[in-house]
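In: Can you look at this prediction? I've put the sequence above it.
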Amino acid sequence: MPKPTIVSRDEWTAARKRLLVKEKELTRQRDALSAERRKLPMVAIEKEYVFEGPDGRRTLADLFGKQRQLVVYHFMFGLPPDWDDEGCPACSYVVDNLSGSLMHLAARDTAFAAVSRAPFEKIKPFKQRMGWTFPWLSSFGTDFNDDFGVTLDAKHTVYNYAPVSAQPEGRPHEGEREGLSVFFRDGNRVFHTYSTYQRGLDHLLNTYNLLDLAPLGRREEDGIMHWLKYHDEY
């Protein structure tokens, strides 16, 4: 990767100001997009999903606790041959980036949980190894992963709202996939308001956000996230 050119301070300042104009426009566009996202309609959840966690069986409504909003990260940790005793390294990277900020969500009436298809007895030791404290539950034996678009197999062939055969970045592998879904509780009713997948998760990754500010960037010429390790293996 080429290094930046060397210029005088005045030349650098002029170039920085030109880029700042574009950065400010992107910020305005992001604010407008966020406002449009909040105006999306919502769909009532009619099925009762029951998960297994450290406190036994809990419904989707239970995951809200006292909050009205719930963010669920669909963590790729399925049945073999996907992952046996460890969750997906990329999903581990995602929740590493999220975990330090989750304690602030409750102040804005929002709860968080991760959900995986692996049985809870598989999830528990890996969560302990990683040192994560957020709620992480198993959807094993339920339709939750299928219904929210994070399972790919012969029966489920749509991911990120498009057939897998038409994915612009190549056909994703079958099995469990990554994603994030948002729910809203109004009284005793629960609604699905939003889901995102693949690079829709990029803006959640503060490590990437910091690398994008540096001159060498992400340095992923050999493939997206191929450099990742579990955080206890660096």
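Out: All right, it came through fine.

In: Okay, now the sheet partners of the lowest-mean-pLDDT helix or strand in the chain, with direction.
Out: Ranked by mean pLDDT, DSSP states H and E, the helix or strand of the chain with the weakest confidence is strand 175-176, at a mean of 83. Note on strand 175-176: by DSSP bridges, its sheet partners are strand 151-152 (antiparallel).

In: For the biggest helix by length in the chain, what is the distance to the chain centroid?
Out: Looking across the chain with DSSP state H, the single longest helix is helix 9-38. In terms of C-alpha atoms, centre = their mean, to the nearest Å, the centre of helix 9-38 is set 25 Å apart from its chain centre.

In: those strands in the protein, which residues are they?
Out: Here the chain has its strands, by DSSP state E, at 43-44, 50-53, 56-59, 69-74, 110-116, 136-138, 151-152, 158-159, 162-163, 175-176, 179-186, 189-196.

In: Who are the packing partners of the third one?
Out: Right, strand 56-59. strand 50-53 (3 or more C-beta pairs under 8 Å, 6 or more residues apart in numbering; DSSP states H and E). Just so you know, the C-beta spots here come from the backbone N, C-alpha and C atoms, and that holds for glycine as well.

In: so for the strand it packs on, what's the average pLDDT?
Out: Across strand 50-53, pLDDT averages out at 97.

In: Other residues contacting that strand?
Out: 57-60, 63, 115, 119-120, 135-140, 142, 144 (C-beta atoms under 8 Å, 6 or more residues apart in numbering).

In: Quick one: residues contacting the closest residue to residue 206 other than its chain neighbours.
Out: The shortest distance from residue 206 to any non-neighbouring residue, by C-beta to C-beta, 6 or more residues apart in numbering, is to residue 97 (5.0 Å). Counting by C-beta under 8 Å, 6+ apart, residue 97 makes contact with 204, 205, 206, 207.

In: at 10 Å instead, please
Out: Residue 97 sits next to 201, 204, 205, 206, 207, 208, 209 when contact means C-beta atoms under 10 Å, 6 or more residues apart in numbering.

In: re the thing from before, which helices and strands sit right next to the longest helix of the chain?
Out: Applying 3 or more C-beta pairs under 10 Å, 6 or more residues apart in numbering; DSSP states H and E, one finds that helix 9-38 contacts strand 189-196.

In: residues contacting residue 89?
Out: 76, 83, 225, 226, 228, 229, 230, 231, 233.

In: do you know how far the last one is from residue 211?
Out: In this case it means residue 233. The gap separating residue 233 from residue 211 is 19 Å, by C-beta to C-beta, to the nearest Å.
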